[in-house]
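>>> turn this into a model:
(chains A, B, C and D)
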Number of protein chains: 4
Amino acid sequence: MGIMRLGFVHIRTNDLEASARHYRDTLGMQLSATVDGRQYFKGWDEFDHHSVVVEDGGVGLVKLGMKCASLDDLEGYERRLGAFGVTTSRISKGQHHAMGEALSVQLPTGQTMELYADMEYVGTEVGTFNPQSIIRDPRGAMVPRLDHMLIAGEDPLHTERMFMGCLDFKCSERLIADVESNDLIATWLFTSGSSHDIALIKGEQGKLHHFAFWMNSWDEILRAGDIFALDDVSVDYGPTRHGITRGLTTYFFDPAGNRNETFAGGYTSYRDRPTIIWTADQLAKGIFYHARELKESFTAVYT
Amino acid sequence: MGIMRLGFVHIRTNDLEASARHYRDTLGMQLSATVDGRQYFKGWDEFDHHSVVVEDGGVGLVKLGMKCASLDDLEGYERRLGAFGVTTSRISKGQHHAMGEALSVQLPTGQTMELYADMEYVGTEVGTFNPQSIIRDPRGAMVPRLDHMLIAGEDPLHTERMFMGCLDFKCSERLIADVESNDLIATWLFTSGSSHDIALIKGEQGKLHHFAFWMNSWDEILRAGDIFALDDVSVDYGPTRHGITRGLTTYFFDPAGNRNETFAGGYTSYRDRPTIIWTADQLAKGIFYHARELKESFTAVYT
Amino acid sequence: MGIMRLGFVHIRTNDLEASARHYRDTLGMQLSATVDGRQYFKGWDEFDHHSVVVEDGGVGLVKLGMKCASLDDLEGYERRLGAFGVTTSRISKGQHHAMGEALSVQLPTGQTMELYADMEYVGTEVGTFNPQSIIRDPRGAMVPRLDHMLIAGEDPLHTERMFMGCLDFKCSERLIADVESNDLIATWLFTSGSSHDIALIKGEQGKLHHFAFWMNSWDEILRAGDIFALDDVSVDYGPTRHGITRGLTTYFFDPAGNRNETFAGGYTSYRDRPTIIWTADQLAKGIFYHARELKESFTAVYT
Amino acid sequence: MGIMRLGFVHIRTNDLEASARHYRDTLGMQLSATVDGRQYFKGWDEFDHHSVVVEDGGVGLVKLGMKCASLDDLEGYERRLGAFGVTTSRISKGQHHAMGEALSVQLPTGQTMELYADMEYVGTEVGTFNPQSIIRDPRGAMVPRLDHMLIAGEDPLHTERMFMGCLDFKCSERLIADVESNDLIATWLFTSGSSHDIALIKGEQGKLHHFAFWMNSWDEILRAGDIFALDDVSVDYGPTRHGITRGLTTYFFDPAGNRNETFAGGYTSYRDRPTIIWTADQLAKGIFYHARELKESFTAVYT
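Residues are numbered from 1 along each chain as shown, chains lettered A, B, ... in the order given. Sure thing, here's the model as predicted:
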């Protein structure tokens, strides 16, 4: 049945105590485990063992993971990726904490992506038997789950073709230089019903722009911003709306400098939804819909 | 790639003028066409020709439609449904206004369901080239799109098996009499990332409980309720939260007496999300989470 | 400068442990003190010692308090109330815990009201020096402050005249039987900028219908309702909007059976705002704007 | 009974057609009248003839008006302002369109302020007899009413004393250089129950920083921002929360360059509410609570 979602993001920090304070206390994630110096976090509405992994070593992305519905999916993807000319390798069960067998993929944009189907089950914090609808006593911003990420690389077009051709992703929106050239600057790709699970932007090879947590409402985006003020989190931009995806957003940094986002709203991306085209002259409106003005830190900082 | 969503609901009315006022003026849908006495409506964020069809003849459900990603899906479904013992028949292109070829399925619960892959493209009201995020001048409650429906029948368990076994639906939540008997009272099934696309409840064969429109927020649920007061729409219950699906909701009736719902929120249903179990003793909490008290009209009225 | 607001509501309970769980844990108030078997609670954004007092003895209202800007106000009120024919008596400082001198007023509707200007200062929970905007770790529904109350009595018209003529209240809305008779059924009176500080309804002498806590938003009304489900609070009606005052609301009961309300929104009541008139035939719309249908428990239960 | 609220703001524009598009079409105000080249606008929930006046002549503030409860108030204010050393003059009925007698006050900060008690009654757009709660078909951002303004001048301390000593304003919040010097940078003053009706900041004499429209919710702030994108309004900053007043906000400019604000939330300012003190080192947090970073245009542009 294929890839279901962005399963995890694995990043570096220069201060594990600070990252625990950020992801656990400020964002309200659960620290599922600390193993071999790596911290494993999950959101309250996630049932898998982790969606964020943090390890010592500076800043930036170690790798990302996409969860498949079935272990059998890996073989087909391996074959199609090979035919496309992408390097893959097999990871056996037990090699990564709490994860089963995986297929490691070297993205043309330089990042490492793992496809996997099995992760240790922990369960959501509201349960599955006559469950509650909310967490009664929130921890910080209480992000329910990981949602999507944006990565950079020199050839987003080639990588878009890989995601769509080999991995059955669809494209919800595309940013092009202009209608004449049709040069791709960025692309938003989905496999679930969300407006995007991963986005690609032309830029320095192998870099991370941000990864985002789903929020249930514009009010939760507000409350997260209030928590950032209380906990002295560095906020990059927001709250505002994106023109691209229509999502509601605040961007901020974790203590190491990796950019996070709280994200709500956007539309439902059925596979037959027509792809939206943005041209570069409308970029500022596409990114920050209200002010229609870009901020230097937002466009310049990648990790 | 299979069924993507609940594509349309086709219902009866006893007053076409009143239904136009309701679906077009109060709910803010677009009247795509009136052909052979049938009204075809679509929401502002829908691109297909229609999601609601209304025809003269009283009250209740004529049929429902599920849209597939590809015409090739129909053949596989036809075979699997046949093997399951369900009666199907082919509908050729042009037989239904604005629709392509379809597979008509006689549900074990008595309703008629059509699977189709092609519908005339009209486009959303915000466009696909440097689009806007909102409708500037709303018409009434301005529902963006159809979301899901709840139908009744004598054997929901058998029909659940059909949806899951033949049509690749997954189950997000189940209501059972008690843990000992495990007797199924109702089931919530999804194929998209939404908490449910269709739900089944034990009851009178062939009946409709309600169909629901997606709303973007709790504030839009509020504003819709305000519009219902202005337009004198009969409200059944709400606003409130559901325990089941966590959705935010108001139930109301169209002029013929078909129950509608405005629905927002709920979680994202990935295919590996563990199924939630509710027992009948918690039914009131599952339906109306805040008051935890059922209302007779809600449980008694089916059309 | 006169009366500023509804300062406190003093009620009875049959279970002090249960009332502490309700007002402190579920509503999130601070228990300022327990003295002589009386519990004194304040909201997080209130700076005075208490706004809710609970004592043993069943159910219902002991008295209510209105806070004046200055101790000098009492004398003028005493004189005007005496001239109006209302019985008053003086209460000396220290007679009531944490309160200064007061004027006790026997309302024509049968309740006891105290006017006072001094109460022990405790301070809000966010401070007054470079303060925070929110409470980081909420306790339950986290009501910020007391807002208004509704009391019943045989002659609301006479009592309305007393509030307006002797105490400088203004009337924001009035419910009358019909335009011909102009018989007063209920009246909403304000002294602060809120839509009402106290309302009067024709009914059994000396009774309490409800007292309400201010909420900052429709989202906080939702979250309070979710907390009521978690804490098994008896909900009477809501969430919904009122036609009268436009307020957003949920009604619920404390463990003794006294009705509470979470209330948000409504307009700002400047003293020159024209009074709104409702007629009894529109009562259901005035009370519950969306469903326009009254609920028996709501109209029948007074304590 | 004294001053009730900020009644009107009278400003200059360089393009009356553009200002009509802004205040009427984008903000959704009603154009009550155009007389002698002056445009008079009111919000849908305002009952007086106007709250914004626009005349040709560039940019900036002509004057502001504060509405008193009674014409008798003017005499006392005249006397107290005279004793304070402030120049006042009488304006007779009919001198200003739709306004009665007024007292013109030369503020120490250089602006002209008029105190008045009578303005032609137009009525709100929802009526006063069994009224509706909302406007069914919104025009743009649909601002309900004027709320407050911020003006600059060389000696805010002296002007604060005038507002508090002569006009019975109270101070909700003060921004000082530091605790040692206690030098006043800005002050927020209220007479109604709102967090502030007027604020003063140290700066160029006679200048306007912004005037604000009340919005009912964080969602209305969002929708206003979306409308600004659609109508190409220049947005200065937002949406965000203020630390000072806790208000929710977006700043933007009218076509002439006068700064407007959409504002929601904040607390209720009873006259005994303790004054909050902010120190200059926390200024950025006080102004833009989430990002805690000032924007040059926001601090530099006055008109």
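
>>> tell me, how many residues neighbour residue A:297?
As a burial measure, residue A:297 scores 14 neighbours (other C-beta atoms under 10 Å in any protein chain shown). C-beta coordinates here come from the backbone N, C-alpha and C atoms, glycine included.

>>> scratch that, residue A:257 is what I was asking about
Burial measure for residue A:257: 15 neighbouring residues, criterion other C-beta under 10 Å.

>>> can you pull the contacts of the residue of chain A positioned farthest from its centre?
Seen from the C-alpha centroid of chain A, the residue lying at the greatest distance (C-alpha atoms, centre = their mean) is residue A:180, 31.2 Å away. For residue A:180, the set of contacting residues under the criterion of C-beta atoms under 8 Å, 6 or more residues apart in numbering or on different chains is empty.

>>> distance check, residue A:20 against chain C.
Remark: distance between residue A:20 and chain C (C-beta to the nearest C-beta, to the nearest Å) = 17 Å.

>>> ditto for residue A:210
Taking C-beta to the nearest C-beta as the criterion, residue A:210 is separated from chain C by 25 Å.

>>> surely the residue farthest from the centre of chain A forms part of a strand?
No. Looking at residue A:180 with DSSP: H, G, I helix; E, B strand; the rest coil, it is coil, so not inside a strand.

>>> what pLDDT does it get?
At residue A:180, the predicted lDDT confidence score is 97.

>>> count the residues that sit near residue A:122.
In terms of burial, residue A:122 registers 17 neighbours under the definition other C-beta under 10 Å.

>>> wait, what's in contact with it?
The neighbours of residue A:122, taking C-beta under 8 Å, 6+ apart as the test, are A:30, A:32, A:42, A:46-49.

>>> give me the three-state assignment for whichever residue of the stretch 151-300 of chain A sits closest to chain C.
With distances taken as C-beta to the nearest C-beta, the stretch 151-300 of chain A approaches chain C most closely at residue A:219, which sits 4.0 Å away. Three states are possible here, and by three-state DSSP the one that applies to residue A:219 is helix.

>>> any idea how far it is from residue D:241?
Counting by C-beta to C-beta, to the nearest Å, the gap from residue A:219 to residue D:241 is 12 Å.

>>> between these two, who's got more neighbours?
Taking other C-beta under 10 Å, residue A:219 and residue D:241 do not tie; residue D:241 has more neighbours (27 against 24).

>>> residue A:269: which element?
Secondary structure from DSSP states H and E places residue A:269 outside every helix and strand.

>>> now the spatially closest residue to it that is not a sequence neighbour: how far from residue A:172?
Counting by C-beta to C-beta, 6 or more residues apart in numbering or on different chains, residue A:269 lies nearest to residue A:190, which is 4.5 Å off, once chain neighbours are set aside. Residue A:190 sits at a distance of 5 Å from residue A:172 (criterion: C-beta to C-beta).

>>> cool, residue A:272 as well?
12 Å.

>>> over to residue A:71?
Here residue A:71 is placed at a distance of 28 Å from residue A:172 (C-beta to C-beta).

>>> just residue A:162 next, same as before
Distance of residue A:162 to residue A:172, given as C-beta to C-beta: 17 Å.

>>> for stretch A:127-139, buried residues please.
When neighbours are counted by 16 or more other C-beta atoms under 10 Å in any protein chain shown, the buried residues of stretch A:127-139 are found to be A:130-136, A:138-139.

>>> residues from chain A in reach of chain C?
Taking C-beta under 8 Å from any C-beta of the partner chain as the test, the list of chain A residues beside chain C reads A:132-134, A:136-140, A:217, A:219, A:223, A:226-227, A:229-230.

>>> those residues in helices, which ones?
With helices taken from DSSP state H, the overlap with the residues of chain A next to chain C comprises A:219, A:223, A:226-227, A:229-230.

>>> who's in contact with the residue lying closest to residue A:6 once chain neighbours are set aside?
Excluding the flanking residues, the one nearest residue A:6 by C-beta to C-beta, 6+ apart is residue A:197, at 5.0 Å. The contact partners of residue A:197, by C-beta under 8 Å, 6+ apart, come to A:3, A:5-6, A:66, A:147-148, A:169, A:189-191.

>>> tell me which residues are up against stretch A:286-303.
With C-beta under 8 Å, 6+ apart as the test, stretch A:286-303 has contacts from A:59-61, A:152, A:175, A:203-204, A:207-209, A:236-237, A:240-244, A:251, A:256-259, A:278, A:283-285, B:130, B:133, D:225-226, D:228-229, D:235-239, D:250.

>>> let me redo that: stretch A:10-19
For stretch A:10-19, the external contacting residues (C-beta under 8 Å, 6+ apart) are A:37, A:39, A:52-65, A:208, A:211, A:254-256, A:258.

>>> let's see it at 10 Å
By C-beta atoms under 10 Å, 6 or more residues apart in numbering or on different chains, the surrounding residues in contact with stretch A:10-19 are A:20-23, A:34, A:37-41, A:50, A:52-65, A:96, A:112, A:114, A:208, A:211, A:254-258, A:260, A:303.
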